[in-house]
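Visitor: Here is my input; please provide its structure:
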Amino acid sequence: MYKTICLFIASLIMVSAIKAQNLKTTIVKNKGNYFSQHQASIKLHSKFMIKPGFTFNAIAIKAQTDDFDGSYFVLNDDTTYLSLNEDFQPSDGLYLSELVFACKEIDHFSIFTGNISGKITIYLINGVPDELTKAKLAQEKNRIKSNKNTLAFCMEPPSIDQSVWRAGLGSPQYDRAFTEVRHCIVHHAAGSNTETDYTSVVRSYYILHTQTNGWSDIGYNYLIAQDGTIYKGRDPGTGEQDNVRGAHFCGRNSNTMGICILGNYMTVQPPQAALNSLINLISWKLNKDGLDPNGTSYHVDRELGTIAGHRFSCATSCPGDFLYSRISQIKQQVTDSLANCVTALPIIGNNSNEIMIYPNPTNRNEINLNTVPAFGLKQIEVFNIHGKLILSKIINDKSRKISIKSLKLKSGVYLIKLVGESYAQTKRLIIN
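Guide: Here you go, the predicted model:
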């Protein structure tokens, strides 16, 4: 181990000792003040200084290799190692790196090539909004913050519209396609965990997807910042935001809604604020469309969960190990949230000591009720989490212990309304 560490330190010293060569680039394309594409030729294990004559805050390169290991950018004295962009479909043997952020606008950078050689394409992106857009964004965030505590369960969470965050970049022009969503796909952006100008990050991904990937629009339906701010993604035109078909699921985008949390969660946990917004957004969507958070349905060539991580059906590490490991927990939290969506069940009284439901949770075909005589149980109604009545039973037997068949209910959360002589009571039932 000591020998390995010494060799690693020695290699770092050798790399740092390499003198950076000035590298001239050829401009291929400019798009206003927010995108510039350059080409250059580089050698293996070399260090180059590049002054492209363009101010930018994010950068990616395309090269004739998928091995970016050991290659890095130096942006504003910060060293960031390159990694492969798994969402980009390579063509002609060319692969794209992940987008690297500089945290502020800069006009030069250095690159250590590592295993990269030959012709490269450099994509320079400036997603920093102007002062007018920043002012509008501040107003939107204050609006969202002031309304945060007034939302009921399963209401559509507030978000920042494309017309606000995309100002100055131009709107996409294409014929939208829409889909009936059966799966909410969770992603991470695999980008910076330290960048706090979240709007700049969203704008940068929009530029990357449209100018570099060649897509019609940003790929996701929604993006969620680390502080919980939700941004509307792909522009639906006159259609619905949650049903516009995106470009996020390795060409299998029909019947999916893509949600991307900004940041990289391969080695760190996602922030709780972002997870809360994710749960609120999925709860609203599933309640709106009557989808089961624990359900599955056939998608292209396999069964896919209503809530799923990107890697479940694609060759990718997205949404990162730590976020992917939370999918089961997210399903349970969405299930709990949906149980509070039902507003059609009046609760006139609620004394938890008067009624017992067992076993609960259960995976059996019968549910036992134990009531006190004073309650005078007259009727039982079972609702799913969307408020749909699925079982109603009139009780003539006044005995305290009553069993009802669960009609082989699927796993999930249900509400049982128990009507007594003078009031009603609602209980939650969980079937595993």
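
Visitor: did I read that right, residue 207 in a strand?
Guide: No. With DSSP: H, G, I helix; E, B strand; the rest coil as the criterion, residue 207 is assigned helix and is not in a strand.

Visitor: And the pLDDT for it?
Guide: Per-residue pLDDT puts residue 207 at 98.

Visitor: so it sits right up against residue 169, yeah?
Guide: Yes. Look at residue 207 against residue 169 with CB atoms under 8 Å: they come within range, at 6.9 Å. All C-beta atoms are positioned from the backbone trio N, CA, C, and that covers glycine.

Visitor: just the helices in the protein please.
Guide: 2-17, 131-147, 162-165, 198-207, 272-289, 321-324, 327-339 (DSSP state H).

Visitor: out of those, which comes closest to residue 29?
Guide: helix 198-207 (12.2 Å; CB to CB).

Visitor: CA atoms only: put the closest one into PDB for me.
Guide: Extracted in PDB, the C-alpha atoms of helix 198-207 (Å, rounded to 0.1, in the frame of the first residue of the first chain):
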ATOM      1  CA  TYR A 198     -28.600  26.300 -10.200                       C
ATOM      2  CA  THR A 199     -30.300  28.200 -13.000                       C
ATOM      3  CA  SER A 200     -26.900  28.600 -14.800                       C
ATOM      4  CA  VAL A 201     -26.500  24.800 -14.500                       C
ATOM      5  CA  VAL A 202     -30.000  24.100 -16.000                       C
ATOM      6  CA  ARG A 203     -29.300  26.600 -18.800                       C
ATOM      7  CA  SER A 204     -26.000  24.900 -19.500                       C
ATOM      8  CA  TYR A 205     -27.600  21.500 -19.900                       C
ATOM      9  CA  TYR A 206     -30.100  23.000 -22.200                       C
ATOM     10  CA  ILE A 207     -27.300  24.400 -24.300                       C
END
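
Visitor: could you give the angle of that helix to helix 131-147?
Guide: 120 degrees (axes from the mean of the first three to the mean of the last three CA atoms, to 10 degrees).

Visitor: Buried residues, helix 198-207. List them.
Guide: By neighbour count on 16 or more other CB atoms under 10 Å, the buried set for helix 198-207 is 198-207.

Visitor: Pull up the overlap in contacts between residue 207 and residue 169.
Guide: Common contacts of residue 207 and residue 169 (CB atoms under 8 Å, 6 or more residues apart in numbering): residue 34.

Visitor: From residue 394, how far off is the residue nearest to the spatial centre of the chain?
Guide: Centroid check for the chain by CA atoms, centre = their mean gives residue 260 as the closest residue, at 2.7 Å. Distance of residue 260 to residue 394, computed by CB to CB, to the nearest Å: 50 Å.

Visitor: if we can go back for a sec, could you look over the helices of the chain and pick the most buried one?
Guide: helix 198-207 (a mean of 25; mean count of other CB atoms under 10 Å).

Visitor: Check which helices and strands that helix is in contact with.
Guide: strand 56-63, helix 131-147, helix 162-165, strand 230-232 (3 or more CB pairs under 8 Å, 6 or more residues apart in numbering; DSSP states H and E).

Visitor: surely residue 69 meets residue 115?
Guide: Yes. Between residue 69 and residue 115 there is a contact under CB under 8 Å: 6.5 Å.

Visitor: residues in contact with residue 39?
Guide: By CB under 8 Å, 6+ apart, the neighbours of residue 39 are 25-26, 28, 119-122.

Visitor: Highest neighbour count among those?
Guide: Most neighbours among the contacts of residue 39, by other CB atoms under 10 Å: residue 122, with 24 neighbours.

Visitor: What residues are bridge-paired with that residue?
Guide: Note on residue 122: beta-bridge partners by DSSP bridges are residue 38, residue 61.

Visitor: these two touch, right, it and residue 51?
Guide: No. Here residue 122 does not reach residue 51: they are 11.9 Å apart, not a contact under CB under 8 Å.

Visitor: can you list residues touching both of the two?
Guide: Common neighbours of residue 122 and residue 51 (CB under 8 Å, 6+ apart) do not exist.

Visitor: Run through this structure and note the low-pLDDT ranges.
Guide: Within the chain, the ranges that satisfy pLDDT under 70 run 1-18, 148-153, 341-355, 361, 364-365, 385-387, 397-402, 404-408, 432.

Visitor: tell me the domain ranges of it?
Guide: 13-125, 131-339, 355-431 (automatic domain parsing).

Visitor: tell me the most buried of those?
Guide: Ranked by mean neighbours (mean count of other CB under 10 Å), these are led by domain 131-339, with a mean of 19.

Visitor: from the middle of its chain, how far away would that domain be?
Guide: 4 Å (CA atoms, centre = their mean, to the nearest Å).

Visitor: Then stretch 84-91?
Guide: That offset, for stretch 84-91, works out to 19 Å (CA atoms, centre = their mean).

Visitor: Would you format the helices and strands packed on helix 198-207 as a markdown table with distance to residue 83 included?
Guide: Below are these laid out as a markdown table (distance: least, CB to CB, whole Å):
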| stretch | distance to residue 83 |
| --- | --- |
| strand 56-63 | 10 |
| helix 131-147 | 29 |
| helix 162-165 | 26 |
| strand 230-232 | 23 |
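
Visitor: closest one to residue 36 among these?
Guide: Using CB to CB, the nearest of those to residue 36 is strand 56-63, at 7.1 Å.
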